[in-house]
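# Sequence and predicted structure are below.
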Amino acid sequence: MGMKTSLGIVGCGNISSVYLQAPLLFENVRVAACADIDMQRARSQAEKFGVPKVCSLEELLADPEIDVVVNLTVPAAHAQVSLATLTAGKALYSEKPLAINREDGWAILEAARQQHLRVGCAPDTFLGGGLQTCIKLINDGEIGVPVAATAFMVNHGMEHWHPDPYFFYQPGAGPLFDVGPYYLTALVAMIGPIRRVTASAKTTFPERIVSSEPKAGTKIPVNTPTHITGVVDFASGATGTIITSFDVWHHRLPYIEVYGTEGTISAPDPNKFQGPVYLRRAKDEQWREIPLTHGYTKNSRGLGLADMAQAMRSGRRHRANGEMAYHVLDVIESFLQSSREDRHIALNSTCARPEPFAPGEHSWKDEN
Ligand SMILES: NC(=O)c1ccc[n+]([C@@H]2O[C@H](COP(=O)([O-])OP(=O)(O)OC[C@H]3O[C@@H](n4cnc5c(N)ncnc54)[C@H](O)[C@@H]3O)[C@@H](O)[C@H]2O)c1
């Protein structure tokens, strides 16, 4: 491994621009190559961001210079690309979800275990200044013992803005698989692993019509639930209510609230890195906005990747890791299973709460 960890980016679509700029935010990584089944896309992103090599996935996996493969393909392709990465003996950092079903997710963890390779996975927003401040408040006992939490991710879908929104309405996406990981990962990072879930899932609109360019007017068949109401029991004894929906036009719901024996935290959008964070203790007359105690408060996607790159050198555990991503995937699948089978689902997976950052602990250049 050279001075910087060399990344090979696979999938040069919408989100790739953020990762291709990661070396500007994190000085311990560099992008060595990029690949896409659409070579034109790969070429154009490489040109825009100064990536020295454009190649096929096979060539990228055979390149001895590359330390970590960053899988930014569509969810349905995650497992295939991730398994090929691990089989080729390379460490993996994947966009969320880890896979679109438990079997594929488990196969990824198993392949990594056998090869003694790291698996990292988005989301890494829980490492941002907003959620790290919430985690510190909880760890410092500011709200006492967490009793319960609520989390709401409700909107009217992605076909109004994403240039190619088909995948959002197919199995492995929908609001639960696509955006749910941000909320569930934040809850697990704040409160710990989940032991049991139940949910009701429905599909309100069987078809969506794209209004964004360049595919405006295209019809998308909806093949996954688009409104999911879930209840979770954390291993700690706290409970949670989570709604993820692409069926709601308007609402006045918070993002995430955590209710403790001594007070309440109102957490920021877990899809982002910033605040605001509000705290109201039992006897407080009003909510107080809490100054953020941690850095990375702007779009810092790749923070979990930089943390993993550093952990690979020092030998410590990395925070946005495969075990937590698999646990979140298990919760998601179990929600849908619970709704289908009319029963609670006890989870087989668990994970450790990721180690929080100490305030001011930044091992990489923080330009925020
Ligand atoms: N767009 C966002 O705002 C956003 C935000 C956070 C996370 N994500 C996640 O990032 C991932 C990618 O999302 P996106 O919006 O960039 O999608 P996208 O459709 O814009 O891009 C995906 C790219 O992957 C390529 N691809 C597909 N299968 C491939 C394969 N087998 N080998 C190589 N390349 C392949 C496609 O050609 C395409 O260029 C998804 O997992 C999504 O959940 C997206």
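Now that the structure is in, tell me what you want to look at.
# count of neighbours near the residue of the chain found nearest the ligand?
Proximity to the ligand, evaluated over the chain using Cβ to the nearest ligand atom, is greatest for Gly13 at 1.8 Å. For every residue, glycine as well, the C-beta is placed using N, CA and C. As a burial measure, Gly13 scores 16 neighbours (other Cβ atoms under 10 Å).
# is it true that it touches His162?
No - using Cβ atoms under 8 Å, Gly13 makes no contact with His162, being 9.9 Å away.
# if I pick the residue nearest to Ile256 when sequence neighbours are not counted, what's in contact with it?
Excluding its sequence neighbours, the residue lying closest to Ile256 (Cβ to Cβ, 6 or more residues apart in numbering) is Ala267, at 4.1 Å. With contact taken as Cβ atoms under 8 Å, 6 or more residues apart in numbering, Ala267 is in contact with Gly130, Leu131, Cys134, Ala186, Met190, Tyr255, Ile256, Glu257, Val258, Val277.
# ok, the fourth one - contacts?
With contact set as Cβ under 8 Å, 6+ apart, Ala186 has these partners: Thr125, Phe126, Leu131, Ala151, Ile256, Ala267, Pro270.
# Same question for Gly128.
Gly128 neighbours (Cβ under 8 Å, 6+ apart): Lys272, Phe273, Gln274, His294, Tyr296, Thr297, Ser300, Leu303.
# Show me these that map onto helices.
Taking DSSP state H as the definition of helices, these contribute Leu303.
# so how far is Val70 from Thr293?
Distance, Thr293 to Val70, by Cβ to Cβ, to the nearest Å: 29 Å.
# With neighbour numbers in mind, choose between these two.
The neighbour comparison of Thr293 against Val70 (other Cβ under 10 Å) goes to Val70, with 27 against 18.
# so Ala216 makes contact with Val210?
Yes - here Ala216 reaches Val210: they are 5.7 Å apart, a contact under Cβ under 8 Å.
# who has more neighbours, these two?
Val210 (21 against 11).
# and the end-to-end length of stretch 268-279?
End-to-end distance of stretch 268-279: 12 Å, with Cα to Cα, to the nearest Å as the criterion.
# Check stretch 84-103 too.
16 Å.
# Read off the pLDDT value for Lys365.
Confidence at Lys365, expressed as pLDDT, is 52.
# Leaving out sequence neighbours, find the closest residue to Ser349.
Asp330 (4.2 Å).
# Phi and psi next, for that neighbour.
phi -60, psi -40 (degrees, to the nearest 10).
# Tell me how many other residues surround it.
Counted with other Cβ under 10 Å, Asp330 comes out at 25.
# again with Gly302
Around Gly302 there are 25 residues (other Cβ under 10 Å).
# cool, His116 as well?
A count of neighbours around His116, defined by other Cβ under 10 Å, yields 8.
# do the same with Glu47
10.
# and it, what element?
Per DSSP states H and E: Glu47 is located in helix 39-49.
# Am I right that His251 falls within a strand?
No - assigned with DSSP: H, G, I helix; E, B strand; the rest coil, His251 falls outside any strand and is coil.
# Pull the contacting residues for the nearest residue to it once chain neighbours are set aside.
In this structure, His251 finds its nearest non-sequential neighbour in Val154, 5.2 Å apart by Cβ to Cβ, 6+ apart. Taking Cβ under 8 Å, 6+ apart as the criterion, Val154 is in contact with Pro175, Ile243, Thr244, Ser245, Val248, His251, Leu253.
# let's see 10 Å
175, 179, 227, 243-251, 253 (Cβ atoms under 10 Å, 6 or more residues apart in numbering).
# quick one: the helices in this structure?
Using DSSP H, helices in the chain cover 16-20, 22-25, 39-49, 57-62, 75-87, 102-115, 129-139, 174-178, 180-191, 303-314, 322-341.
# Can you give me the buried ones in the fourth one?
Taking 16 or more other Cβ atoms under 10 Å as the neighbour-count basis, helix 57-62 is seen to contain the buried residues Leu57, Leu60, Leu61.
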